Structures are given as C-alpha cells and as structure tokens.
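[1] Below is the sequence, then the predicted model.
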Amino acid sequence: MKQLNFVIENATGLHARPAKVFVTTAKRYQADIRVLYGSKKVNAKSLIAVLGLGVAHGGKILVEVSGADEDLAAEALQTAVADGLGEGDQTPALAAPPQPAVITNGYPAAQAVPNGLRGVGAAPGLAIGPVFQMRPTAVTIAETFAGVQAEQTRLSAALAEGQAQLAALRDQMQVHAPDEAAIFDVHRELLTDEDLLEAVQQKIQAQQNAAQAWQAAIQERASLMASLDDPLLAARAADIRDVGNRILKLLAGEDAAGIKWPDHPVVVIAHDLTPSDTATLDPQKVLGFATAVGGPTAHSAIIARALGLPAVVSAGAGLLEIGDGTAVILDGITGIIQINPDEAAQTAAQSSQAVAKQQEQEAKAQAGMPAITQDNHHIEVAANIGGVKDAQNAHESGAEAVGLLRTEFLFLGRATPPSEDEQFAVYRQIAEAMAGKPVVVRTLDIGGDKPLPYVQVPPEDNPFLGERGLRLCLNRPELLREQLRAILRAAEFGALRIMFPMVADLSEWHAAKTMVDEIRAELNAPAVEVGIMIEIPSAALMADKFAQEVDFFSVGTNDLTQYTLAMDRMHPSLAGKSDGLHPAVLRLIDGTVKAAHAAGKWVGVCGALGADPQAVPILLGLGVDELSVSVPSIALVKAQVRTLTYAAAQKLAEQALGCGTAGEVRSLVGN
Ligand code: PEP
Ligand code: MG
C-alpha cells in the first residue's frame with residue numbers, strides 16, 4: 001500500500017472541478033483508493049463521497065492506494081494535485097457560473113402574448129382545461145426514533161420498494177422512450193451509493209430516525225453538487241433530489257405522488273418536472289403540462305412526447321401565477337398558453353382538437369401505405385428506435401425502415417460494456433423484427449451529455465465539443481471493433497446498415513470504414529451499406545467529398561442545429577431560438593442533398609426536425625429521400641406528405657432558403 005499526503009491548495013478546496021479531476025484520475029486505476037480527512041475515510045472513486053468530505057482550502061488529506069497498479073495511480077494523483085487539479089498553478093477561485101442574459105430571477109423571460117404566455121412547444125397537441133399547479137410537496141417527517149435496528153429495517157424496506165418502483169418506471173418507459181428509461185437506472189444506482197448509505201447509517205446510529213437521516217444525507221449531497229459550476233454535475237443534483245424524495249415519501253408513509261389531485265382532468269403547471277414526475281403523470285387525469293423552466297430536449301419533454309401528452313416548457317415565472325382552476329388552452333406546437341380564453345376560442349380549440357383526433361385516426365388506418373405526394377413523389381418514412389420493442393412497434397406502425405437505431409441503450413446504465421454476443425443477439429432480434437426492411441444501426445454515440453462509467457474521458461470544459469461519438473470510439477478501437485463485429489454478424493439476419501455519428505472529417509470516416517472492411521473480411525460477412533450522420537457543419541460543407549465514398553447520409557438536425565447556431569441543445573432559455581428551420585441549417589441540408597444526389601447517394605433526416613409538421617414540406621422540397629421519426633409520428637408524417645405536392649414543396653423550400661430567420665421560415669409555412 002502507498003500513502004500520500006496532500007495539502008489542497010485550491011481556493012475552494014476539494015470541491016467542484018478539483019474534486020471531479022481528483023475522482024476522475026482515481027477512477028482510471030484498478031487500485032483501491034481511499035481519502036482520509038479528519039475522522040472521515042471515503043472511496044476516492046465516488047464523487048458524492050469526495051465532495052462530502054468538505055475539504056477546505058489548505059486542508060490536509062491522506063490518500064491510501066493499494067492494488068496492482070498502485071505505483072501508477074499514486075504518480076497520477078500526485079501529478080494531478082501538483083497541476084492544481086484542473087485549476088492551474090494560480091488555483092483561482094471558481095468563477096460564478098455564467099448567467100444567460102435572458103434569464104430573470106432564474107426563469108427564462110417568456111414572451112407575453114395577448115391573454116396568455118408563450119413558452120416553447122415541447123410535445124404536440126392541444127390541451128384544454130383548468131390548471132392545476134403541482135407544487136413540490138413538503139414531506140412531513142416524524143420525530144420519533146424507534147431504535148437503531150428498527151430504523152435500519154425501515155430504511156432497507158424503503159430502499160427495496162424504491163428500487164422496485166424505479167425498475168417498474170424503467171420498464172414502462174423502455175417501451176416508448178428507451179433512451180429516457182436509462183435515467184431510472186441511474187437513479188437505482190444512486191440508491192446503492194456506498195458513501196450515501198454509509199452517511200445515513202451513521203446518522204441512524206446517532207439516534208436520527210431513518211427519514212431524518214435520509215433527508216439530511218440527501219440534502220448535504222445535493223447542495224454540494226448543485227453548487228458546482230458544471231451543468232452535468234448540477235443535473236446529478238436534480239437526480240439525487242428526485243430519488244431522495246422518492247425514498248423520503250416512502251419512509252414518511254406517503255404515496256409516491258403525495259398530491260391531492262382534483263377529481264377532474266387538468267392541465268398541470270409546475271416550476272419543472274422531474275423525469276419520475278412526468279413518467280408517473282396519469283393520462284386519465286392530465287390533459288397536458290407546462291413548465292416554467294426546461295428545454296424541449298429535457299427528459300420531461302421527451303417523456304411527454306413518448307406518452308402523447310401535449311407539453312410546453314420554458315414558459316417563464318408568469319406561468320406559476322396562473323391560479324388553480326383557471327381555464328387555459330395549451331398548444332404544444334406553438335408553445336402558446338391562452339389564459340381564460342373566451343368561449344369562441346374554446347370552441348375553436350375543441351373543434352381543431354376533434355379534427356386532429358380524426359386525422360390521427362385516419363392517419364393510423366393508412367399507416368401501412370407509403371407516403372406519396374399528390375404528384376407522385378415518394379419519400380420514405382422510417383423510424384427512430386432504441387431497442388427491440390421499439391422495432392416491433394415500428395414494424396407494426398408502418399415504418400418502411402429503421403432510419404436510426406440509437407445503440408446507446410445497450411451501453412447506458414451499466415457498469416461494464418455489453419459483450420459482442422449480447423450485442424449480436426439484440427441486433428439480430430431487431431433485424432428480424434423489421435422482417436427484411438432496412439435498419440440503420442448507428443454506432444455508439446456517447447460522450448457529451450451521455451457519459452459511461454466504464455469509458456473514462458478526462459474532464460472537459462465543453463463536453464459537447466469534446467470526445468464524443470465517432471471520435472471517442474476511434475480512441476477506443478476495441479469498443480468500436482466489438483460493436484462492428486456484432487453488427488456484421490447480425491447482418492445475415494436482415495438488411496442492416498452501419499452509420500457513424502459525429503463525423504467531422506474524412507480521416508475519421510476513413511479510419512472507421514477501414515475497420516468495417518477489415519472485420520467484414522475476417523467474418524466473411526455480407527456487404528452492408530455504410531454511411532455517416534451529417535450533424536457537424538464541417539461534414540455538411542464537405543458533403544461533396546464524403547458523397548464520393550459513403551453509401552448514404554442521415555442528417556442529425558438536433559446536433560447540426562446546435563453546432564451551426566452555437567446554441568446548446570439543452571439550454572433552457574435558448575430553446576425558443578435553437579430552431580432547425582433556421583435558414584443556415586436549411587442551407588447546409590440543401591448542400592448535403594445536392595452533393596449526395598450528384599453522386600447517386602440517398603439522404604435521410606433523423607433529427608427531431610423530421611417530424612415537425614412545419615418542416616416536413618420544406619425537407620421534402622429540399623429533396624430529402626427519407627424522414628426518420630419517432631414511432632408515434634410515423635402515421636402522421638405519412639398522412640401529411642399525402643396532402644402535399646412535390647412541386648409546391650420545392651418552391652417553398654427555395655423560398656425558405658432565401659429567408660433571414662427561422663421565424664420567417666415558419667411564417668412562410670404557416671400552421
Ligand atoms: C441528431 O443529432 O439529430 C441525432 C439524431 O442524434 P442524437 O439526437 O442521438 O444526438
Ligand atoms: Mg446527434
């Protein structure tokens with residue numbers, strides 16, 4: 001065993017970034033590493049634990065390292081501390097997190113509209129009804145102490161029940177939103193955090209009852225996390241609070257929601273909704289929801305779309321001033337919430353709701369038919385899926401192909417990567433579920449906002465501009481090789497295609513394609529189409545070069561918009577401006593389509609823009625060959641295409657390319 005003494009010279013001590021750098025360094029090694037501070041001794045690989053030490057500036061810590069690679073680990077930790085743990089020699093105080101100018105009192109400055117508010121449409125549909133505000137409920141905690149053993153038993157029972165609830169939520173979400181389902185696995189993991197449980201046990205030993213002990217331990221950890229200048233860690237604070245509340249309610253004997261719902265259907269308003277709040281909304285009681293903060297790519301918005309609940313996010317502080325029982329009309333496409341609408345407005349909304357419902361039914365009845373415009377132009381409508389169940393749903397819902405299989409679902413929420421055989425089995429099942437229809441399998445797209453515990457990436461100031469997607473996989477060729485082997489082995493069971501995410505330049509494509517060719521030769525596997533995502537502006541601008549070599553392109557408008565407009569796709573107050581119908585994004589798509597077609601290749605769009613009713617005619621008019629959309633949108637997109645003519649769509653697209661702003665493009669299309 002090696003022992004190291006350090007004095008933490010960082011201005012804020014072992015908090016925030018320094019703690020993250022310390023823990024990330026420790027995690028790169030197999031050795032068992034413990035940090036001793038005062039009377040506390042914690043696991044150096046648990047961020048919650050290290051933050052929980054509260055090591056201040058000038059604090060002295062002792063680090064014990066034991067294991068096969070202890071020398072290397074000790075040296076790395078020594079270097080990391082000597083280098084200022086990510087803060088350089090001057091160890092400056094952490095700057096306050098940048099506050100976006102448009103945020104007032106922590107809320108986005110929502111636009112006022114006559115008799116209402118305008119937020120950001122997050123899930124389509126109209127909700128008409130009285131408002132009900134979901135306020136965070138204060139859980140009442142008893143003061144009585146039933147003895148150490150009894151309190152420990154209560155805690156274990158609550159944790160077990162919490163695990164069961166989360167597993168059920170995960171399974172329920174898996175069907176509609178597999179990507180989001182993984183969040184509940186993260187919550188389950190938090191419930192087993194050794195440091196957290198240890199802290200609770202200590203408090204119980206000190207005569208606090210289980211609920212008091214749990215609440216205090218959660219609060220300490222969540223506030224530490226929330227104070228960090230790192231959005232990823234701040235988001236973990238929300239997760240800790242969310243999962244903490246779940247257990248607290250169980251300990252206090254309250255039901256999971258703890259809310260007294262009115263006995264009639266309501267439009268829910270809230271400051272924000274956690275993923276578990278959203279996933280447990282009862283569609284019988286809830287017509288739709290609006291939140292004061294949050295972006296359309298937040299977990300709650302994605303879950304709302306999966307559940308078919310109309311939703312508006314980022315509506316500003318004014319939203320919470322709407323009294324319970326006030327009638328509203330919430331429009332999940334435009335983001336407008338009309339307050340106390342007059343009778344005429346209510347009648348009009350009800351009839352458009354009825355028309356939309358009928359159109360939806362008609363669209364579903366025709367879902368098996370191709371999407372052909374009135375002047376006989378066919379555009380393929382495919383599905384974005386995240387797992388085997390999705391593939392079955394997609395096949396039954398009229399998908400002509402899978403345009404995007406997000407393989408991350410196989411890798412997230414677990415401690416080790418899935419084996420080649422495990423991956424093979426899943427890809428094979430998906431290929432078979434699609435019964436010969438093409439399936440575009442996107443290789444692992446992690447990093448950025450989707451870290452994996454077993455793929456260590458050094459701390460990054462801008463993870464979205466860091467090691468993610470293909471560039472991360474090329475730095476870990478074994479991970480990519482295993483995945484490619486699994487896909488190519490499964491290729492004989494269906495029409496699998498391979499697609500690489502986040503390609504920035506030709507050299508990355510060459511490296512990845514060479515790997516495919518080598519593995520295909522090794523396995524004697526069938527030829528498969530190999531393409532790339534166009535989601536980085538450099539790739540769109542170089543589309544003519546790529547088009548000579550790839551078999552197809554698929555435009556990832558979520559990232560292409562983020563990188564073209566330099567607007568974080570998760571940013572709550574930029575949500576209204578970060579619009580894929582921006583003419584700059586459309587020009588990049590236009591260039592991509594022209595380059596592809598000149599080389600005889602096809603182009604899909606697999607970002608969320610492909611299902612936006614205002615974008616469908618423009619993408620069609622730009623000559624996109626395939627729209628890949630979430631399963632519930634397939635029938636609707638097909639039905640919309642059937643109402644259009646290709647000639648008019650081409651004219652519209654031409655006009656859109658000449659517009660100056662996304663707003664102009666949207667006005668051009670109308671509703
Ligand atoms: C995109 O960026 O548009 C896309 C489809 O990929 P993801 O949303 O998974 O990043
Ligand atoms: Mg992307």
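    In hand now; what should we look at? Ligands and ions are numbered 1, 2, ... in the order given.
[2] ok, how many other residues are close to the nearest residue to residue 548 once chain neighbours are set aside?
    Leaving aside its sequence neighbours, residue 548 sits nearest to residue 599 (Cβ to Cβ, 6 or more residues apart in numbering; 5.9 Å). (Each C-beta comes from the backbone N, C-alpha and C, glycine too.) Neighbours of residue 599 under the rule other Cβ atoms under 10 Å: 15.
[3] Equivalent analysis for residue 598, please.
    As a burial measure, residue 598 scores 12 neighbours (other Cβ under 10 Å).
[4] what sits against it?
    For residue 598, the contact set (Cβ atoms under 8 Å, 6 or more residues apart in numbering) comprises 544, 547.
[5] quick revisit: would you agree the residue nearest to residue 548 is in contact with residue 552?
    No. Counting by Cβ atoms under 8 Å, residue 599 stays clear of residue 552, with 10.6 Å between them.
[6] Please tell me the pLDDT value assigned to the residue nearest to residue 548.
    Per-residue pLDDT puts residue 599 at 98.
[7] for the helix of greatest length in the chain, the distance to its chain's centre please.
    Longest helix in the chain by number of residues (criterion: DSSP state H): helix 148-176. Going by Cα atoms, centre = their mean, to the nearest Å, the spacing between the C-alpha centre of helix 148-176 and its chain's C-alpha centre is 23 Å.
[8] Please name every helix or strand in contact with that helix.
    On a contact count with 3 or more Cβ pairs under 8 Å, 6 or more residues apart in numbering; DSSP states H and E, helix 148-176 meets helix 178-190, helix 194-205, helix 210-226, helix 231-251, helix 275-279, helix 299-307, helix 388-396.
[9] Give me the contacts around the first one.
    Under the contact criterion Cβ under 8 Å, 6+ apart, helix 178-190 has outside partners 163, 166-167, 169-171, 173-174, 196, 239-240, 242-243, 246, 275-276, 279, 299, 302-303, 306, 385-387, 389-390, 406, 408-409, 412-414.
[10] follow-up on the earlier one: can you pull the buried residues of the longest helix of the chain?
    The neighbour-count check on helix 148-176 (16 or more other Cβ atoms under 10 Å) flags 151-152, 154-155, 158-159, 162, 165-166, 169-170, 172-174, 176 as buried.
[11] Of the residues you listed, which fall within the contact range of ligand 1?
    Among the buried residues of helix 148-176, not one lies near ligand 1 by Cβ under 6 Å from any ligand atom.
[12] so which of those residues comes closest to residue 639?
    Distance to residue 639, by Cβ to Cβ, is smallest for residue 176 among those, at 20.7 Å.
[13] What's the mean pLDDT across the helix or strand containing residue 652?
    Using DSSP states H and E, residue 652 sits in helix 646-657. The pLDDT scores in helix 646-657 average 98.
[14] Then stretch 415-431?
    For stretch 415-431, mean pLDDT is 95.
[15] ok, residues contacting it?
    Contacts of stretch 415-431 (Cβ under 8 Å, 6+ apart): 385, 387-388, 391, 402, 405, 407, 410-411, 439, 441, 452-455, 479, 482-483, 485-487, 489-491, 493-496.
[16] Run a quick neighbour tally on residue 514.
    Neighbour tally, residue 514, other Cβ under 10 Å: 10.
[17] does it count as helix, strand or coil?
    Following DSSP: H, G, I helix; E, B strand; the rest coil, residue 514 is assigned to helix.
[18] and it, what pLDDT?
    In this model, residue 514 carries a pLDDT of 98.
[19] which of the contacts of helix 178-190 are buried?
    Buried among the contacts of helix 178-190 (16+ other Cβ under 10 Å): 166, 169-170, 173-174, 196, 239-240, 242-243, 246, 275-276, 279, 299, 302-303, 306, 385-387, 389-390, 406, 408-409, 412-413.
[20] Around ligand 1, pick out the residues from the stretch 401-550 of the chain.
    404, 406, 445, 535.
[21] out of those residues, which touch ligand 2?
    Checked against ligand 2 using Cβ under 5 Å from the ion, these yield the following neighbours: residue 535.
[22] Check the residues of the stretch 401-550 of the chain next to ligand 1 against ligand 1 and report the nearest one.
    Checking those against ligand 1 with Cβ to the nearest ligand atom, the nearest one is residue 535 at 4.6 Å.
[23] and that closest one, how many neighbours does it have?
    For residue 535, using other Cβ under 10 Å, the count is 26.
[24] so it makes contact with residue 564?
    No. Between residue 535 and residue 564 there is no contact under Cβ under 8 Å: 9.8 Å.
[25] Mind jotting down where the strands sit in the stretch 1-150 of the chain?
    2-7, 32-37, 40-43, 60-66, 103-104, 107-108, 111-113, 116-118, 120-123, 126-133 (DSSP state E, counting those that start in this stretch).
[26] returning to what we had before: filter the contacts of stretch 415-431 down to the buried ones.
    385, 387-388, 391, 402, 405, 407, 410-411, 439, 441, 452, 455, 479, 482-483, 485-487, 489-491, 494-496.
[27] list the contacts for the residue in the chain sticking out farthest from the centre?
    Seen from the C-alpha centroid of the chain, the residue lying at the greatest distance (Cα atoms, centre = their mean) is residue 147, 42.5 Å away. Residues near residue 147 by Cβ under 8 Å, 6+ apart: none.
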